[in-house]
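Chemist: my questions concern the predicted model and sequence given below.
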Amino acid sequence: MNIVKLPWPPKELSPNNTAHWSKKSKYKKQYRLHCWILSKESKLTAPADGKIKMKVTFFPPDKRHRDADNMVASIKSGLDGVADALQVNDKRFLPMFIFSEEVKGMVEIEIQ
């Protein structure tokens, strides 16, 4: 299967976090690298050209309410790591976002 399970994005990557950009930058780099490593280990593949259809399923770490737009914004550097692993430009991604209520604390990406 063409699936990678990524850790839940750190709270520092939330758009609601008002920390200085230089502080956020450290977390973006770490999360991007972690997602790159996991994507490589999962042996993800993508079509040679055209759009890359992907299902991105968010499984929150707890039952607290989260805004869908904040979850999507928080995963940006993680998707950059996936693109790095696939050696593609992320403008090719055509994501379908799913927001599960099942508590797992991860983001599952399936390339279709």
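Modeler: Thanks, I have the structure now.
Chemist: contacts for stretch 32-47, please.
Modeler: 2-7, 52, 77-82, 84-86, 88, 92, 111 (Cβ atoms under 8 Å, 6 or more residues apart in numbering). Bear in mind the C-beta positions are built from the backbone N, C-alpha and C, glycine included.
Chemist: which residues in this structure form strands?
Modeler: Using DSSP state E, the strands found in the chain span residues 3-7, 52-59, 93-99, 106-111.
Chemist: any chance of these in TSV, with mean neighbour count and distance to H65 too?
Modeler: TSV is the format used below for the strands of the chain (neighbours: other Cβ atoms under 10 Å; distance: least, Cβ to Cβ, whole Å):
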stretch	mean neighbour count	distance to H65
strand 3-7	17	20
strand 52-59	19	13
strand 93-99	14	11
strand 106-111	20	17
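Chemist: hey, C-alpha coordinates of the lengthiest helix in the chain in PDB?
Modeler: The longest helix of the chain (DSSP state H) is helix 21-41. Output of helix 21-41 as PDB, limited to C-alpha atoms (Å, rounded to 0.1, in the frame of the first residue of the first chain):
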ATOM      1  CA  TRP A  21       8.700  33.300  13.000                       C
ATOM      2  CA  SER A  22      12.200  32.300  13.900                       C
ATOM      3  CA  LYS A  23      10.900  30.000  16.700                       C
ATOM      4  CA  LYS A  24       8.300  28.500  14.400                       C
ATOM      5  CA  SER A  25      11.000  27.900  11.800                       C
ATOM      6  CA  LYS A  26      12.800  25.400  14.000                       C
ATOM      7  CA  TYR A  27       9.700  23.300  14.400                       C
ATOM      8  CA  LYS A  28       8.800  23.500  10.700                       C
ATOM      9  CA  LYS A  29      12.300  22.200   9.800                       C
ATOM     10  CA  GLN A  30      12.200  19.400  12.400                       C
ATOM     11  CA  TYR A  31       8.700  18.300  11.300                       C
ATOM     12  CA  ARG A  32       9.500  18.400   7.600                       C
ATOM     13  CA  LEU A  33      12.600  16.300   8.200                       C
ATOM     14  CA  HIS A  34      10.700  13.800  10.300                       C
ATOM     15  CA  CYS A  35       8.000  13.400   7.600                       C
ATOM     16  CA  TRP A  36      10.600  13.100   4.900                       C
ATOM     17  CA  ILE A  37      12.300  10.200   6.900                       C
ATOM     18  CA  LEU A  38       9.000   8.400   7.500                       C
ATOM     19  CA  SER A  39       8.000   8.900   3.800                       C
ATOM     20  CA  LYS A  40      11.300   7.400   2.600                       C
ATOM     21  CA  GLU A  41      10.900   4.500   5.100                       C
END
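Chemist: alright, I will stop here.
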